[in-house]
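> below are the sequence and a predicted model for it; my questions follow.
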Amino acid sequence: MAAWIWEASTRGGEHRSGTMEANDEGMVRDRLSAQGLIVNSVKKKGIEIKLPTIGSGVSLKDLVVFTRTFSTMVDAGLPLVQCLDMLASQAENPHFGGILAKVKADVESGKSLSESMAKHPKVFDQLFCNLVAAGEAGGILDLIFRRMATYLEKSAKLARQVRGALVYPTAIVVVGVGVMIIMMTFVLPTFETMFKDLGAGSLPAPTRVVLAISHFITGNALILIPLVVAAGFGISAFKKTEKGRFMWDSMMLKLPVFGNVVRKGAVARFTRTLGTLLASGVPILDAMDIVARTAGNAVIQKGILYAREKVSEGKDIASPLLETAIFPPMVVQMIGVGEQTGAMDDMLQKIADFYEEEVDAAVAAMSAMLEPLILVFLGVGVGGMLIAMYLPIFDVAGGIK
C-alpha cells in the first residue's frame, strides 16, 4: 500500500485534510465519499526523511483534537470502529494515525477501547486509560472524552505558565553570561595588549581583578569546559535517581518566589486530576494512586501516597493531606467540606480553577519583580567590566595632558 495525501470538504463546507494508506487513488476517493466527504484532491505522498522522535511523537494538541472529535462522533451515535477509522485516516500526525489504526484493529478483534489504548502507554497514559475504562463501564464515553479534552487543555495551559515563569529570566541570564564570557575570552586580552602598547604603568585594582579572571578562564578552558559538561551530566543523572529526584523537587518547592509558583501549580494539577477522575466514577483509592503517579513532583507524590494509605485504613482524605504540610490549609478545608457534602469532585474543580488563576497572577508578579533585578545585575556585570577596561585608558590620557 502507498500513502496518499487528501483534501476534502464536508457538506457544510468545512475543510478537511489528512493522509491515508490505500492501493490506489480510487480507493482513497471511495473511502472519503463513504464518510460523506466531498473530495477535492488526492495525491501520492512522496518519500520523506524522518528524524528520530523524542518521547511518544504525539503532541498534546494531537490528543486534544482527538478527544474533542471522538467525543462528538460518539455522541452522534457512530460506532467506535468507524470513529477510530475516520480519525486514523484524517490525523495530521501520521505517527498518531498509525497508533489509532492499531487501536481500531484491537477493538475490532474484541478488546475494549481502554485495553487497546493501554498497549500504547507513551500516548495514552494510565490516567487516560482509566478514564476511558470508567466511561465504558458507565456508558458515558462521550462525556468522558469531553472531560479529558478539557483536562488536557487546562493542564497544558498550567504547564506553559509554570515553564514560562522562568523562560524570559533564564534567557536574559544565559545571554548576559555568554556576553561576559566572550568579553573575558576575546575582548579583554585585546585590551591588555593595547595597555602594554600604550605603556600603561600600574593598572587600577578593578582592571587587575578583571584581567585575572580573564587569565583564569582562558588559561584553564580545556579543564573548565569538560568540568562544566561533566557537572551537567552528573546533575542530570543524579536527578534520575529516586533520592536525587526527591531532593531536586524539594528544592524547587523551597525556592524563593519560584517555589510559590511550583507549589500552586502542583495544587492545581492535583485537584484538577483528582476531580476529573472522581467525576468519572473512578474509585477514590485508584484515583489517588493515579494522581500520585502523575503529580510531576516527588515530594507531592509522597504526600498523596501517604494520604492514600490513610484513606485505605478508613480515614477521611482531608486529615492526612493536612498532616503532610504540603497543601495549604484552605485547600484541605475545602476538600473536607466537599467530602462531607458528597460533592468533592465539584469542590476539587473549583479549587483547581482558583489555583490556576493564582498561578497566572504569581507568574506575572514574579516576572515583574525578577526582570528589573536581572537587568540591573547584568548591567552592573557588563558595565563594570567595560569601566574596568577603560580606567587605564583614562589614566594614560590624563598623563598625556
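Perfect, I can see it now.
> switch to C-alpha atoms for all contacts and neighbour counts from now on
OK.
> part of a strand, is S41?
Yes. Counting by DSSP: H, G, I helix; E, B strand; the rest coil, one finds S41 located in a strand.
> ok, it touching S9?
No. Contact criterion CA atoms under 8 Å: S41 and S9 do not qualify, at 10.2 Å.
> tell me which of these two has more neighbours.
Taking other CA atoms under 10 Å, S41 and S9 do not tie; S9 has more neighbours (16 against 12).
> output the below-cut-off pLDDT ranges for the stretch 151-300 of the chain.
The stretch 151-300 of the chain contains residues with pLDDT under 70 at 198-201.
> helices of that one, residue ranges please.
Applying DSSP state H, counting those that start in this stretch to the stretch 151-300 of the chain gives helices spanning 188-198, 205-219, 221-239, 242-254, 258-279, 284-293, 298-312.
> packing partners for the third one?
Using 3 or more CA pairs under 8 Å, 6 or more residues apart in numbering; DSSP states H and E as the contact criterion, the secondary-structure elements in contact with helix 221-239 are helix 242-254.
> need the contact partners of the helix it packs on.
Outside helix 242-254, the residues that touch it by CA atoms under 8 Å, 6 or more residues apart in numbering are 238-239, 258-260, 262-263, 297-299.
> and it, C-alpha only, in PDB?
Presented in PDB, the C-alpha positions along helix 242-254 are these (Å, rounded to 0.1, in the frame of the first residue of the first chain):
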ATOM      1  CA  GLU A 242      14.900   8.300  43.500                       C
ATOM      2  CA  LYS A 243      16.900  10.300  46.100                       C
ATOM      3  CA  GLY A 244      18.100  12.900  43.600                       C
ATOM      4  CA  ARG A 245      14.600  13.500  42.200                       C
ATOM      5  CA  PHE A 246      13.200  13.900  45.700                       C
ATOM      6  CA  MET A 247      16.000  16.400  46.700                       C
ATOM      7  CA  TRP A 248      15.600  18.300  43.500                       C
ATOM      8  CA  ASP A 249      11.800  18.600  43.700                       C
ATOM      9  CA  SER A 250      12.100  19.500  47.400                       C
ATOM     10  CA  MET A 251      14.500  22.300  46.500                       C
ATOM     11  CA  MET A 252      12.100  23.500  43.700                       C
ATOM     12  CA  LEU A 253       9.300  23.900  46.200                       C
ATOM     13  CA  LYS A 254      11.500  25.800  48.600                       C
END
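> picking up where we left off before, reformat the contacts of helix 242-254 as CSV; add distance to V337.
Listed next are the contacts of helix 242-254 as CSV, based on distance: CA to CA, whole Å:
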residue, distance to V337
F238, 41
K239, 38
F258, 30
G259, 27
N260, 25
V262, 25
R263, 22
N297, 26
A298, 27
V299, 25
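> and the closest residue to L80 other than its chain neighbours, its phi and psi?
In this structure, L80 finds its nearest non-sequential neighbour in V74, 7.1 Å apart by CA to CA, 6 or more residues apart in numbering. In terms of degrees, to the nearest 10, the main-chain angles of V74 are phi -70, psi -40.
> ok, back up a step: which of the contacts of helix 242-254 are buried? Put it as a PyMOL command.
The PyMOL command for the buried members of the contacts of helix 242-254 (criterion: 16 or more other CA atoms under 10 Å) is given here:
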select buried, resi 239+258+259+260+262+263+297+298+299
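> hang on, the earlier thing: my guess is the residue nearest to L80 contacts C83, does it?
Yes. With contact defined as CA under 8 Å, V74 counts as touching C83 (7.4 Å).
> now do the closest residue to L127 other than its chain neighbours against G281, distance only.
Excluding the flanking residues, the one nearest L127 by CA to CA, 6+ apart is I290, at 6.1 Å. Note on I290: its distance to G281, by CA to CA, to the nearest Å, is 13 Å.
> that'll do, ta.
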